[in-house]
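Engineer: This is a predicted model, with the sequence first.
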Amino acid sequence: MGSTVDIVIVNYNGKQHLGNCLDSLAAMEKGCLSISITLVDNLSKDHSVTFIKENYPSVKVIENTENSYAKALNLAIESSDSDYVALLNNDTSVDSAWLTALVDLIENDDSIGVVQSMILFSDKKTVNSAGVEEVEDYYFRDIGFNEKDSRKYNTAKELDYFSGGSVLFRRQCLESVGPFDEDFIMYCEDVEYSIRCRKNGWKIFYCPKSVLYHLYQGTSSSELCEYFCSRNRMLTIAKHYPERLAQSIATSHFYEKKEFSNLHDCLLLCIKKMAEQYQTETVEKVLSDLSNTLSELISSEAAYRFFSHLELVLGTRKKMTIGIYDHAFQFAGGGQRYVATIAELLQDKYDITYITNKDVILENYKEWFDLDLSHCNLKIIPIQFYEDRDRFFIDEGMVINEKENPFDVIAKESLKYDIFINANMLGKVEPRSLFSVFICHFPDRDIERFFQVPKYDFLISNGDYTCSWIKKRWQLQPSHKLYPPVDMYNDESSSAKKEKIILSVARFERGGSKKQAELVNAFDQLCKNYSEISSAWKLILAGGSFEDNAYFDVVEKRIKRSSAIIELKPNVSYQELKSLYRDAAIFWHACGLNETSPHLIEHFGMTTIESMQNYCVPIVIDGGGQVEIVKHGECGFRFDSLEALQDYTLKVISNEELRKELAQKAYERSHNFNLEVFQNHVLEIFTEIENELLGVEILPFKDANQC
């Protein structure tokens, strides 16, 4: 009985080529060989697998879980127990003696482990490959590539490197050399395997009598080929010739084409590969050479970023660093609480530093939001542009015709961190960290000078309303939607303890965008029209304020003119606010009433959810983020005028059973936006970031110039 051969074809969206390839295999000479065919499919979307199963049922099909050529080869080889394994591209057809010639040559010499065919282009006249040779500096090319006369390649000879497009392996060679290196993914995996074959004492031969016809790059692009060849050239050097890694940078295509992001990530992968195989002494010598080389080739900032990233990849620095910039950190706002909740959740795992521009203390957040940031650091960096103008508020709209960006001082600081989080929508801060996150509660400003948001790796929005405006105003697609964290639950028994209180919780903004004055007027009118409301119900307005707040004074004066029972509670503590939610039966929110400018409409509505978590019935503006929270008529009401607000309120007040039913459904609905949901999503996002920073796998065509 003759030898057994398993022919392996790796396929990705190559259905249009498979019939021609398999038909040519069926028609070739087989002699006394026992042949089987295995096709490994790399997540094709063109129904290749179905096509094979229906038309070539004798072909064994293995479905790969990722689009990796090297992994596909390993899967096929592992599943085979034949004497020989032949690798064949899917966009090929074979000559009649293709396989028998390969086997005849390899069986003549037990030291031959690999034999490659003569590969011609599909015109059957032009040479594709008669083996592979090094050109210079670890760049490789197919021998005879694109030559019209193939006669000079009519002699069998030993090679240094084979091309994987058509090659036969001896089983003993595969077992002694081991699997293909899956870090290579595709391209140059054959060159790297050739090196290992020769290191293990196996000869590589070229067989001109075995002829293959190849539709060049029939199932992959030249761009993809160039990318992986550049990447894997350096990976080969790192794995087998590490002392040459540093000097290979200047001649790499990534460097020559100024694809510095690709170069950065490729070097990380190379050093990780080298560190896995060589002693510390070798690694330290290579890193020293690399430091000297990079200092000459790229900017000091880019070199700093690279070696900082390398510390993470090699595990020499255990904690990632996070810098959180919040230019409004000194205010007790929903946006501040949003990001501070992230900081509290992550502060034990990461080394977190809050960056702000004005004096503030972290302990304030315990009082304001019951958030403990004691494991975070605080760094105050004044921005001279605003200091010179004695401005307490950092308004980026003031930066118009300046030659230099005043926020560059924050950009420079961001370089010191692995992850930089822009917490409060200041779009003129450039991120220079390894990874960056821009959290947008609403895109308040149009694209203008010094606009930096597209440079961030992640763009996180707080809901659908904000998402829609990010797309309209900035033409950017948010990477994640992260609803704000809301955790204002009281004991569930609080549902039975409700008092006749209507509560509104919102900051007393300078411009009156939260509409507290209008709410005072609406309640005053209700009380005038309905004595039973006037005698039994009261309105409480709670929210953050500041000294010399003219709008707060306006609201206070309106209350004094009203005969209704209205209480004003500025800057209440967390515990007092929690008690207000516990006692209140109805919640009002009117931010956006009669407004057409989108930034003046409530972007989300955390206080609405807080009220719902305490069995309050929400009666809120029909716009902005409130639409995502309150299902009209099911767990509350949404109004578009003060008259509608009064009508819905009267409906709830006059029907206790309806109030209880709406309150219960509001409570159930609020769980979709609670702290647990938020925390789980945050952990998912930062796991994704960690994978980006530590996985060191580079995706094709990241070509941003970072140097």
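Structural biologist: That came in fine, so what should we check first? Numbers count the residues shown, from 1 in each chain.

Engineer: What does Phe639 show for phi and psi?
Structural biologist: Here the main-chain torsion angles of Phe639 (degrees, to the nearest 10) amount to phi -120, psi 160.

Engineer: and it, what is it in contact with?
Structural biologist: Listed by C-beta atoms under 8 Å, 6 or more residues apart in numbering, the contact set of Phe639 reads 619-622, 645, 647-648. From N, CA and C alone the C-beta is placed, and that goes for glycine too.

Engineer: at 7 Å what do you get?
Structural biologist: Residues touching Phe639, when contacts are defined by C-beta atoms under 7 Å, 6 or more residues apart in numbering, comprise 619, 621-622, 645, 648.

Engineer: For the longest helix that the chain contains, name the packing helices and strands.
Structural biologist: The helix that spans the most residues within the chain, counting by DSSP state H, is helix 675-695. With contacts defined as 3 or more C-beta pairs under 7 Å, 6 or more residues apart in numbering; DSSP states H and E, the secondary structure elements packing on helix 675-695 are helix 300-314, helix 334-346, strand 435-440.

Engineer: Tell me if I'm right that Ser24 and Val94 touch.
Structural biologist: Yes: with the criterion set as C-beta atoms under 7 Å, Ser24 and Val94 qualify as a contacting pair; they are 4.8 Å apart.

Engineer: which one of the two has more residues nearby?
Structural biologist: Using other C-beta atoms under 10 Å as the criterion, Ser24 and Val94 rank with Val94 on top: 23 against 18.

Engineer: among the contacts of Phe639, which are in strands?
Structural biologist: Among those, the residues falling in strands (DSSP state E) are 619, 621.

Engineer: Dump the contacts of Phe639 to a markdown table, plus distance to Lys239.
Structural biologist: As requested, the contacts of Phe639 are exported to a markdown table (distance: C-beta to C-beta, whole Å):
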| residue | distance to Lys239 |
| --- | --- |
| Ile619 | 67 |
| Ile621 | 62 |
| Asp622 | 63 |
| Leu645 | 70 |
| Tyr648 | 70 |
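
Engineer: Return the member of the contacts of Phe639 nearest to Ser414.
Structural biologist: Comparing the contacts of Phe639 against Ser414 with C-beta to C-beta picks out Ile621 as the nearest, at 36.6 Å.

Engineer: I'd like to know the phi and psi angles of the nearest residue to Phe392 once chain neighbours are set aside, please.
Structural biologist: Here the nearest residue to Phe392 in space, its sequence neighbours aside, is Lys358; by C-beta to C-beta, 6 or more residues apart in numbering that works out to 6.8 Å. Torsion angles at Lys358 (phi, psi; degrees, to the nearest 10) stand at phi -130, psi 160.

Engineer: could I get the helices and strands packed on helix 675-695 as CSV with distance to Leu105 and mean neighbour count?
Structural biologist: Rendered in CSV, the data for the helices and strands packed on helix 675-695 read as follows (distance: least, C-beta to C-beta, whole Å; neighbours: other C-beta atoms under 10 Å):
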stretch, distance to Leu105, mean neighbour count
helix 300-314, 44, 17
helix 334-346, 61, 22
strand 435-440, 52, 24
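
Engineer: what's the closest of those to Glu692?
Structural biologist: Checking these against Glu692 by C-beta to C-beta gives strand 435-440 as the closest, at 6.3 Å.

Engineer: How far off centre is that closest one?
Structural biologist: How far strand 435-440 lies from its chain's middle: 11 Å, per C-alpha atoms, centre = their mean, to the nearest Å.

Engineer: Can you tell me the strand partners of that strand and which way each runs?
Structural biologist: Sheet pairing of strand 435-440 (DSSP bridges) gives strand 419-422 (parallel), strand 458-461 (parallel).

Engineer: which one of these has the most crowded surroundings?
Structural biologist: Compared across the strands paired with strand 435-440, strand 419-422 shows the largest average neighbour count, a mean of 28 (mean count of other C-beta atoms under 10 Å).

Engineer: which residues touch the spatially closest residue to Asp640 that is not a sequence neighbour?
Structural biologist: Computed as C-beta to C-beta, 6+ apart, the closest residue to Asp640 that is not its neighbour in sequence is Asp622, at 4.8 Å. Asp622 sits next to 638-640 when contact means C-beta under 7 Å, 6+ apart.

Engineer: The stretch 51-200 of the chain: strands as residue ranges?
Structural biologist: Listed in chain order, the strands of the stretch 51-200 of the chain (DSSP state E, counting those that start in this stretch) span 60-63, 84-89, 92-94, 112-121, 127-129, 132-136, 139-142, 157-159, 166-170.

Engineer: What strands line up against the last one, and which way round?
Structural biologist: Spelled out, that is strand 166-170. Here strand 166-170 is paired, per DSSP bridges, with strand 84-89 (antiparallel), strand 112-121 (antiparallel).

Engineer: Tell me which residues are up against that strand.
Structural biologist: Under the contact criterion C-beta under 7 Å, 6+ apart, strand 166-170 has outside partners 84-88, 92, 102-103, 106, 113-117, 119, 212.

Engineer: And the pLDDT for the residue lying farthest from the centre of the chain?
Structural biologist: Residue distances from the centre of the chain (C-alpha atoms, centre = their mean) peak at Ser531, which lies 57.8 Å from the mean C-alpha position. According to the model's per-residue confidence, Ser531 sits at a pLDDT of 91.

Engineer: How about Gln247?
Structural biologist: At Gln247, the model reports a pLDDT of 94.

Engineer: secondary structure element for the nearest residue to Ala411 once chain neighbours are set aside?
Structural biologist: Excluding the flanking residues, the one nearest Ala411 by C-beta to C-beta, 6+ apart is Glu430, at 4.1 Å. In this structure, Glu430 sits in neither a helix nor a strand according to DSSP states H and E.

Engineer: tally of neighbours for the closest residue to Glu344 other than its chain neighbours?
Structural biologist: Excluding the flanking residues, the one nearest Glu344 by C-beta to C-beta, 6+ apart is Leu371, at 5.1 Å. For Leu371, the neighbour count with other C-beta under 10 Å is 20.

Engineer: Identify each buried residue in the longest helix of the chain, please.
Structural biologist: The neighbour-count check on helix 675-695 (16 or more other C-beta atoms under 10 Å) flags 675, 678-679, 681-682, 685-686, 689-690, 692-693 as buried.

Engineer: Closest one to Lys272 out of the residues you listed, please.
Structural biologist: Within the buried residues of helix 675-695, the smallest distance to Lys272 is 12.4 Å, found for Leu693 (C-beta to C-beta).

Engineer: got a list of what the closest one touches?
Structural biologist: By C-beta under 7 Å, 6+ apart, the contact set of Leu693 is 309, 312, 418, 434-435.
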